[in-house]
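Trainee: using only what follows, build the 3D model:
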Amino acid sequence: MKRITLIIIAVLFSVTTFAQQTFDTDFTQTKTMKVSGKTTDKVGHIVFDGKDQLQMTYSVPEGDHFIIDGNKVKINMDGKKAEIDANKVKMVALQRSTLLNCLSGNWEQAAVDNNAETTVTEEKGMKVVTLNAKGKVPKGGYRSVVLTYRLSDNGMVKMVLEEAAGIINTYVIK
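Mentor: Below is the predicted model of the structure:
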């Protein structure tokens, strides 16, 4: 009887956790060139299944998209189109993994993948997770990642990704 109860509790916990890691909502993105300070603002809609399906479609600029479908990464950004198999391109595999892990709340794995130290703080009803690279940033990796989650439901509200090249992408999830 105890064994069945434990299995039921584990199943309920995993369903609850999965539900907290999925979303279908609008977002804004600000891309900042660290050296020049030049910024570009974008607006879009994000759908994430909590695993390996992510679709970011932009209304500004219209037609742009970034899609992860399993190991396939499809990009149409700023007039550049590509479809990449992440299994074949290590840099894309790292970016794919980091993004999916951050969105699903698995920042521990994102820290391992990016050779980063992790700091977790709580402020004003939010949990802020900061990943800072310990040394040389792996190709395609991030110098720093700052993730902000609501304490009330662990929902992500903001993600800031600083690339090794000095490009900072700030996503605000509505």
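Trainee: so which helix or strand of this protein has the lowest pLDDT on average?
Mentor: Lowest on mean pLDDT, DSSP states H and E among the helices and strands of the chain sits helix 2-20, with a mean of 38.
Trainee: what's the following helix or strand after it?
Mentor: Going down the chain from helix 2-20, the next helix or strand is strand 23-33, by DSSP states H and E.
Trainee: mind checking pLDDT for Lys174?
Mentor: Taken from the predicted model, the pLDDT recorded for Lys174 is 89.
Trainee: how deep is it tucked in, by neighbour count?
Mentor: Around Lys174 sit 10 other residues, with neighbours defined as other Cβ atoms under 10 Å. Heads up, the C-betas are built off the backbone N, CA and C, glycines and all.
Trainee: so who does it touch?
Mentor: If a contact means Cβ atoms under 8 Å, 6 or more residues apart in numbering, then Lys174 has Thr25, Asp26, Phe27, Thr28 as its contacts.
Trainee: residue ranges of the strands in the protein, please?
Mentor: According to DSSP state E, the chain carries its strands in the segments 23-33, 39-48, 53-60, 62-69, 72-77, 80-85, 116-123, 126-133, 142-150, 156-163, 167-173.
Trainee: of all these, which one comes closest to Ser97?
Mentor: Of all those, it is strand 62-69 that lies closest to Ser97, at 9.9 Å by Cβ to Cβ.
Trainee: in the closest one, what counts as buried?
Mentor: Residues Asp64, Phe66, Ile67, Ile68 are the ones in strand 62-69 that count as buried (16 or more other Cβ atoms under 10 Å).
Trainee: how about stretch 159-174?
Mentor: Buried positions in stretch 159-174, judged by neighbour count with 16+ other Cβ under 10 Å: Met159, Val160, Leu161, Glu162, Glu163, Ile168, Asn169, Thr170, Tyr171, Ile173.
Trainee: pLDDT score for the fifth one?
Mentor: Pointing back at Glu163 there. At Glu163 the predicted local distance difference test score is 92.
Trainee: who does it bridge with?
Mentor: Residues in a beta bridge with Glu163, per DSSP bridges, are Tyr142.
Trainee: next one: the first one
Mentor: In this structure, Met159 bridges to Leu147, Tyr171 when assessed by DSSP bridges.
Trainee: give the contact list for it.
Mentor: By Cβ under 8 Å, 6+ apart, the contact list for Met159 reads Cys102, Leu103, Val145, Val146, Leu147, Thr148, Thr170, Tyr171, Ile173.
Trainee: distance to Met126 added to these, as CSV?
Mentor: Conversion of the contacts of Met159 to CSV gives the following (distance: Cβ to Cβ, whole Å):
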residue, distance to Met126
Cys102, 15
Leu103, 16
Val145, 16
Val146, 11
Leu147, 10
Thr148, 5
Thr170, 15
Tyr171, 15
Ile173, 12
